[in-house]
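Chemist: A structural model of the following input is requested.
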Amino acid sequence: MVATGGSGGRPATRPGGSQQQYATRTLAVALLITGIGLYGALASAKYHERAVYHLDQARALTKTLKDLGALGDDTHPEQHRQAHYKNYPRLHRFRMHWLWTGLHLATAAYGAALCVVILAG
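Modeler: Next up, the predicted model:
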């Protein structure tokens, strides 16, 4: 039995068994993959920028509250931070920003490579 895949009775796969056809009609999909990857990388970078901004704001407000005497000057946050680093000696070094941006840039690179293969073929 041969699957036709809605191709008017023709087999859905090429004689070699591969479904990959790098025809110019698939260029739009490759461009879409590239665009989605670039959008994701840009969105990840923007979310990182906003997170850094809000963290800086929180640090400034905390400093102001400490200067006013409204907050105690304890060392508990540093102790918790060091315990966390001890529990996760490798993982704490990875920044989520780079992992997400890298994933999206890899997706964009994959789409760009598909574009090159399609246009070269």
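Chemist: all helices of the protein, in order?
Modeler: Using DSSP state H, the helices of the chain run over 27-67, 76-87, 96-120.
Chemist: those helices: which one's closest to residue 21?
Modeler: The closest of the helices of the chain to residue 21 is helix 96-120. By C-beta to C-beta, the value is 9.6 Å. All C-beta spots, glycine's among them, are computed from the backbone N, C-alpha and C.
Chemist: contacts for that closest one?
Modeler: 22-24, 26-27, 29-41, 43-45, 47-48 (C-beta atoms under 8 Å, 6 or more residues apart in numbering).
Chemist: now do it, average pLDDT.
Modeler: What helix 96-120 shows for mean pLDDT is 96.
Chemist: and the lowest-mean-pLDDT helix or strand in the chain, which residues are buried?
Modeler: Ranked by mean pLDDT, DSSP states H and E, the helix or strand of the chain with the weakest confidence is helix 76-87, at a mean of 88. By 16 or more other C-beta atoms under 10 Å, helix 76-87 has no buried positions at all.
Chemist: how far off centre is that helix?
Modeler: How far helix 76-87 lies from its chain's middle: 28 Å, per C-alpha atoms, centre = their mean, to the nearest Å.
Chemist: rewinding a little: out of the helices of the chain, which one sits most buried?
Modeler: Comparing the helices of the chain by mean neighbour count (mean count of other C-beta atoms under 10 Å), helix 96-120 comes out on top with a mean of 15.
Chemist: and that helix with helix 27-67, angle?
Modeler: 170 degrees (axes from the mean of the first three to the mean of the last three C-alpha atoms, to 10 degrees).
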